[in-house]
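Colleague: What would the 3D arrangement of this be:
(chains A and B)
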Amino acid sequence: MAGILATAQVTSSLALSLASGRSLFLIIDLLGIACFSYLVAKRLLPLLRGQRDFRLDRPWLRLGKVLKFWLVQWKQPRYFVAGILHIFLFAGFLVLLIHSFSLVIVGISEHFVMPGFSGRVGDVYDVLKDYAATLVFFSVAIAAVRRAFFKPARYAVPAKYGKDHTTEAVFILGLIATLMIADGFFDASHAAAQLQLGQAVQWLPVLSLPWMLKSALLSAPLATLQTIHFGAYVVHDLTFFVFLCFLPMGKHFHVITSFFNVYFAKLDRGTLKPVRWGVTDDHLDQVKSFGVKTFEDFTWKHMLDFYTCADCGRCSDNCPANAVGRPLSPRFLTIKARDYAFQHYPVLGHESNGTPLIGSIYSEDEIWSCTTCGACEAECPLLIEYIDKVVDLRRGMVDDGNVPQSLQKPLKALESRGNPYGKMEKKKADWANAKEFQQICPVKTLDAKNGADTLYFVDSITAYDDRMQSIGRATAKILNHVGENFGILGASERDSGHEVRRFGEETLFMALRDHNVEAIRASGIRRIVTADPHAYNALKHDYKNLPPVEHISQVIAREVKTGKIKFDPIANENSVYTYHDPCYLGRHNQIYDDPRDVLDAIPGLKRVEMTRSRDRSFCCGGGGLMLFYEPKEDQRMGVKRVQMAAEAGANVMVTACPFCMVNIEDAIKVAGLEGKMTAIDLAELVDQQIARPSPDLNKEQADEIKDCVATSESASRPE
Amino acid sequence: MEILVCVRRVPDTSENEIELNRAGNDIERDELVYSINEADNYAVEEALQIAARVGGTVTVATVGSEDDEEVLRREMAMGANRGVLISDDAFSGSDGRGIATILKAFVEQGHYDLVLTGVQAEDGGAQVGGMLAALLDYPFASLVTSIEPLDAKKLKIGREIAGGNKEMNEIDLPCVLSIQTGINEPRYVGMRGIRQVAGVPIPTFGAKDLGIGACAVGEAAAKVRRVDYFVPALGKGAEILRGTREENVDKVLELVAAKGGLK
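Modeller: This is a model prediction of the structure:
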């Protein structure tokens, strides 16, 4: 039915005409297109001056990302109301895109039909686009009310970051609403005129925006309808180009750039970008300047990130540094850089570049405040990168000698002693060498004579810190219990350098890495286990060509499944456990389930989940060199985290990272929760709960007892 | 302004476990790691900042052996224009006055407007700066915590006075100043910086180059000799407060107030 009517509509002379405005429309269109092209060209200019960034590999994987994060809007519903509204708007936009373009052409050539959209496809599409327009209109209205009256906290702009962004947001919502209404009036007036003339009527879907407007226009005189029809078109055409040309001027640039930003997004989790793409480590000495010092030191992709930010505030809403009042807000890291680009590459006039970013738009403390926890990146619907930029900015500061005094000592100690504490290398295996411990659990130090299958990479904090040595011993006992042939590097193990690299000291990191790689290769081991997620991430992603690396939680989870590890039940019935995801185990390496499976395998263990868990886990305060940094903050991250655990009803926090342990145990004291909350490492808990045969009996006796029990059990079973 | 900074390489107390050797006359030096003497590092930073402000060059010099080149390179990586090693077998065993004598000879070969030293070496006795000034007959100020060049002939300097007070002085150039830590925030030097100056030659000056007679320096000329070196016996330990949190807070306030920490 609709098909016949539509065909009739095309073939018959139109009820209302745009013919008189053809030249006007042509001028508007040409001006609009010229203006938009000019703006986009201007915006592309800094990208051409940016650093190289290799983003053309693995096209299928990239298309997959586009499908998931762009087309399906995967991350949007993490904030439910805003997310659903956005999905409506986005889907509506996609549908209306074709219509909008054909409408622009209709002004010049009135009988134009988009190729492929004649016939049945066109009819279906027309229904779809009318409902899409309706959906967009109401979504925009709700969004505007939300922005103007409910004002979600994450949209607020603190005074130090400039003026509120609501006006821009509401303006653009107004433009979209205008487009929808104008389009509605255009179709509605035409349909009303057809009806009055007794022509075949263009069918309008029930309850759609044009349908509602048509009902309102039914009794209007034909001349009025012609005016409305023509006027609606003018308004639509003008608004369309105003909208298009406004996009590159602010946060709505994401409407255009998001597709490309998602396609070119970073594919490898846990890794860091090289100092310069395309420059190998051997040639780094020839690079004049490290890191980002001026805007043009960013890569083109990082500049595209700045353009793409939609200012939704989700990153900062999840940023632990922002939450405790450190002078860092990832959202404004981006917005400030975008504003810098707009200001220094102006639409009119000449570009001015080369001003240092630190000291102008960024402060040193801002850049050192980041723990690289990755909460911002996990949240960003547009896959904007933050850690690489922060690290690049730090590389720039390190290169200029601009490093906080509190970090200089540990860095120097890492250079001369291979650990941030300045401890003697020969004491690195002391944790394992105490006689009493060697009797329960012998730990080999690997050398030319002593080989092993598995290397336990201990790393500095576990080896040297009195409290964390307990994690080391628990890990060794677990490996020993499952019959692993393992050893440690002892004095020849240097710090993994994970934070050295993330604090921007690439050259020192490379020295540490090269030393460790050589020591690991020389030891002849076949696989590596560590209990430190930072070491794990370094060995897995920052080092190259090493044997496979596992975190101890993965080993435990596997051995629980094979039955090699069995647990005694939890003794204290009042203990309620919660698991805190370490950033470099969870978000950066996606190990969420193994530690939880292990906990759930312990009989009688009551476990609750904190609201912020898994990929929304809240950083405890950061590891490695971050322990030496003295941030400006209102509160410790750890204190907030411990309070979250208390709110969840837990009194034991389990984590799987020595740095988390430092921060959480300190925070328990600071929060005044001593006696009410304790922290334990997963390895310590597992070691404590592992069911071991009684130590007084030798193996034969133990087997005998087992047999006896089995016999008596079968004997007592009723026949 | 031509600035000379006299620096020294010392065992880093934060990265070593200092133990006595068997003879009991020195520390065990086998596994030590060394750093630039901390106060000297501040002196170099100050020199660089002055040179950046008013122009000029910064030379760092050390009396020592080839091993000590490492600290010269570090300071050159910071930005010092030139590093000089003053080394000769005849110098070994020199006391403070001997070192000052050697440095005096070196200073007289150049045209330095300003000579800086650290306030003291971590393994020394804060002797050289003052003696060097006296030997050169230059004005001297110690414990300097701020420097402001007034003109080509004069500096305005701040000095730390016990009790947290500060005095300001004008001092004529050329002069010798011993620099207190905390005068600035020394810039960071990483391996990359050091590597970049790895190829820069470091000239060595011996006794002959400087015209120093063997009898004026070295062990034979030393009038101060170390006769013993030991770790003092531990005194009474810290006081551990074992009350409730509130009691401890009160006690701490009382103790701090008693020591004059609260006013």
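
Colleague: Residues of chain B that sit close to chain A?
Modeller: In this structure, chain B approaches chain A at residues B:12, B:14-17, B:31, B:33-35, B:78, B:185-193, B:195-196, judged by Cβ under 8 Å from any Cβ of the partner chain. From N, CA and C alone the C-beta is placed, and that goes for glycine too.

Colleague: for chain B, what spans make up the helices?
Modeller: Remark: helices assigned in chain B by DSSP state H are B:38-54, B:69-78, B:96-109, B:128-136, B:191-196, B:207-210, B:218-221, B:245-258.

Colleague: These: which one's closest to A:Gln343?
Modeller: Between A:Gln343 and the helices of chain B, the shortest separation by Cβ to Cβ is 28.8 Å, and it involves helix B:38-54.

Colleague: Does the closest one pack against any helices or strands, and if so which?
Modeller: The helices and strands touching helix B:38-54, judged by 3 or more Cβ pairs under 8 Å, 6 or more residues apart in numbering or on different chains; DSSP states H and E, are strand B:2-6, strand B:57-63, helix B:69-78, strand B:114-118, strand B:140-151, strand B:175-179.

Colleague: The fifth one - what's its average pLDDT?
Modeller: In this model, strand B:140-151 carries a mean pLDDT of 95.

Colleague: Check the stretch 1-150 of chain A for the residue nearest chain B and tell me.
Modeller: When distances are taken as Cβ to the nearest Cβ, the stretch 1-150 of chain A approaches chain B most closely through A:Gln51, which lies 18.3 Å from it.

Colleague: Excluding chain neighbours, what is closest to that residue?
Modeller: Once flanking residues are discounted, A:Gln51 sits nearest to A:Thr299: 4.4 Å by Cβ to Cβ, 6 or more residues apart in numbering or on different chains.

Colleague: Can you name the residues that contact that neighbour?
Modeller: The neighbourhood of A:Thr299, defined by Cβ atoms under 8 Å, 6 or more residues apart in numbering or on different chains, consists of A:Gly50, A:Gln51, A:Arg52, A:Asp53, A:Lys273, A:Trp277.

Colleague: Mind checking the helices of chain B for the one nearest to A:Arg43?
Modeller: Between A:Arg43 and these, the tightest spacing by Cβ to Cβ is seen for helix B:191-196, at 34.6 Å.

Colleague: Any idea how many residues pack against residue 106?
Modeller: With no chain named, the answer covers chain A. Taking other Cβ atoms under 10 Å in any protein chain shown as the criterion, the count of residues near A:Val106 is 19.

Colleague: um, chain B though
Modeller: 23.

Colleague: got it, and the one 5 residues further on?
Modeller: Counted with other Cβ under 10 Å, the neighbours of B:His111 add up to 9.

Colleague: cool, and A:Tyr131?
Modeller: As a measure of burial, A:Tyr131 has 18 neighbours, counting by other Cβ under 10 Å.

Colleague: gap between it and A:Leu96?
Modeller: For A:Tyr131, the distance to A:Leu96 under the criterion Cβ to Cβ, to the nearest Å works out to 11 Å.

Colleague: got it, and B:Ile157?
Modeller: Applying Cβ to Cβ, the value for B:Ile157 to A:Leu96 is 73 Å.

Colleague: List the contacts of the spatially closest residue to A:Phe486 that is not a sequence neighbour.
Modeller: With sequence-adjacent residues excluded and distances taken as Cβ to Cβ, 6+ apart, A:Phe486 is closest to A:Thr454, at 4.0 Å. Each residue near A:Thr454 by Cβ under 8 Å, 6+ apart is listed here: A:Leu479, A:Glu484, A:Asn485, A:Phe486, A:Gly487, A:Ile525, A:Arg526, A:Arg527, A:Ile528, A:Val529.

Colleague: contacting residues around the one helix or strand the first one maps to?
Modeller: The one in question is A:Leu479. Here A:Leu479 is covered by helix A:469-481, with elements defined by DSSP states H and E. The contact list for helix A:469-481, computed with Cβ under 8 Å, 6+ apart, reads A:431-432, A:437, A:440-443, A:454, A:456, A:458, A:462-463, A:486, A:529, A:531, A:552, A:555-556, A:564-565, A:658, A:661, A:681, A:683-684, A:686-688, A:690, A:692.

Colleague: of the residues you listed, buried ones?
Modeller: Neighbour-count burial (16 or more other Cβ atoms under 10 Å in any protein chain shown) applied to the contacts of helix A:469-481 gives A:431-432, A:437, A:441, A:443, A:454, A:456, A:458, A:462-463, A:486, A:529, A:531, A:552, A:555-556, A:565, A:658, A:661, A:681, A:683-684, A:686-687, A:690.

Colleague: Just the ones of these in helices?
Modeller: Among these, the ones falling in helices (DSSP H) are A:431-432, A:437, A:462-463, A:552, A:555-556, A:658, A:661, A:683-684, A:686-687.

Colleague: Please identify which of those is nearest to chain B.
Modeller: Using Cβ to the nearest Cβ, A:Ala463 is the member of these that sits closest to chain B, with 15.6 Å.

Colleague: ok, which residues in chain A are in contact with chain B?
Modeller: A:285, A:290, A:398-403, A:405, A:407-409, A:411-413, A:415-417, A:422, A:424, A:426, A:505-508, A:511.

Colleague: so of those residues, which ones are in helices?
Modeller: Of those, the ones assigned to helices by DSSP H are A:398-399, A:405, A:407-409, A:411-413, A:415-417, A:506-508, A:511.

Colleague: Okay, B:Gly125 and B:Gln180: tell me how far apart.
Modeller: Taken as Cβ to Cβ, the span from B:Gly125 to B:Gln180 is 16 Å.

Colleague: show me where pLDDT drops low in the stretch 1-150 of chain A?
Modeller: A:1-13 (pLDDT under 70).

Colleague: can you give me the strands for it?
Modeller: Ranges of strands within the stretch 1-150 of chain A: none, based on DSSP state E, counting those that start in this stretch.

Colleague: Ok, the stretch 601-719 of chain A next?
Modeller: A:606-608, A:652-655, A:678-681.

Colleague: And the stretch 301-450 of chain A, by the same measure?
Modeller: A:444-445.

Colleague: Would you state the helices of it in chain order?
Modeller: In chain order, the stretch 301-450 of chain A shows helices spanning A:314-318, A:320-323, A:330-344, A:364-368, A:375-379, A:387-399, A:405-417, A:430-433, A:435-440, with DSSP state H, counting those that start in this stretch as the criterion.

Colleague: Tell me which of the ones you listed lies nearest to A:Ser102.
Modeller: Using Cβ to Cβ as the measure, helix A:330-344 is the one of these that comes nearest A:Ser102, at 32.4 Å.

Colleague: and the angle from the closest one to helix A:387-399?
Modeller: Per axes from the mean of the first three to the mean of the last three Cα atoms, to 10 degrees, the angle that helix A:330-344 makes with helix A:387-399 is 70 degrees.

Colleague: What lies in contact with helix A:330-344?
Modeller: Outside helix A:330-344, the residues that touch it by Cβ under 8 Å, 6+ apart are A:46, A:161-162, A:249, A:295, A:298, A:303, A:305-307, A:309, A:311, A:313, A:315-316, A:319, A:322, A:351-353, A:355, A:357, A:360-362, A:366, A:376, A:384, A:386, A:389-390.

Colleague: what's the spatially most central residue of chain B in contact with, if anything?
Modeller: Among the residues of chain B, the smallest C-alpha distance to the mean C-alpha position (Cα atoms, centre = their mean) belongs to B:Gly118, namely 2.8 Å. With contacts defined as Cβ under 8 Å, 6+ apart, the neighbours of B:Gly118 are B:Val7, B:Arg8, B:Asn37, B:Glu38, B:Ala39, B:Asp40, B:Asn41, B:Tyr42, B:Ala43, B:Ser178, B:Ile179, B:Thr181.

Colleague: got a pLDDT number for it?
Modeller: For B:Gly118, the pLDDT comes out at 96.

Colleague: Could you find the closest non-adjacent residue to it?
Modeller: If the residues on either side of it in the chain are set aside, B:Gly118 comes closest to B:Ala39, at 2.9 Å by Cβ to Cβ, 6+ apart.
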